[in-house]
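J.: With the sequence up front, the predicted model follows.
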Amino acid sequence: MYIAMNRFRVIRGEEETFETLWKTRERHLNTVPGYLEFHLLRGPAHDDHTLYASHTVWESFEAFQAWTKSEQFRQAHARAGSTKPLYLGGPQFEGFQAVIMENRAGETVDSAA
């Protein structure tokens, strides 16, 4: 499993606009092999921004890489940068390879296996 995250420092007062943009955005993720889940997360508010993270879960790093090179990726990001500035700086990408996965039943899967 691979988790891809982008952190956004959304300018205070622009949170509703930012969330609406994501709610109405065409993501095309459900058509991509290896895609599992998407989440938009709102974090703590600071003096000048509110922290957000977009979070996608993939079957593997290779599935994520294929997404970034796909036509669906280009379509999903076609409007990026076309709105007024909503966040400070650019998004900060972070990618994580799963090491241990445990389900609700307490069953653990070693992802290296």
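T.: Done, it's in. Numbers count the residues shown, from 1 in each chain.
J.: What is the burial count for Thr20?
T.: Thr20 has 10 neighbouring residues, counting by other Cβ atoms under 10 Å. Bear in mind the C-beta positions are built from the backbone N, C-alpha and C, glycine included.
J.: ok, now which ones touch it?
T.: Shown in contact with Thr20 (Cβ atoms under 8 Å, 6 or more residues apart in numbering): no residues.
J.: what's the distance between it and Phe38?
T.: Between Thr20 and Phe38 the computed distance is 16 Å (Cβ to Cβ, to the nearest Å).
J.: For the protein, give me the ranges with low pLDDT.
T.: Filtered on pLDDT under 70, the chain yields the residue ranges 77-84, 110-113.
J.: All the helices of it, residue numbers only.
T.: Taking DSSP state H as the test, the helices found in the chain are 15-23, 61-68, 71-76.
J.: Now distance to Tyr2 too, for those helices, in TSV please.
T.: Formatted as TSV, these follow (distance: least, Cβ to Cβ, whole Å):
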stretch	distance to Tyr2
helix 15-23	21
helix 61-68	4
helix 71-76	15
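J.: Return the most buried member of those helices.
T.: helix 61-68 (a mean of 16; mean count of other Cβ atoms under 10 Å).
J.: Show me what that helix is packed against.
T.: strand 2-11, strand 49-58, strand 87-97 (3 or more Cβ pairs under 8 Å, 6 or more residues apart in numbering; DSSP states H and E).
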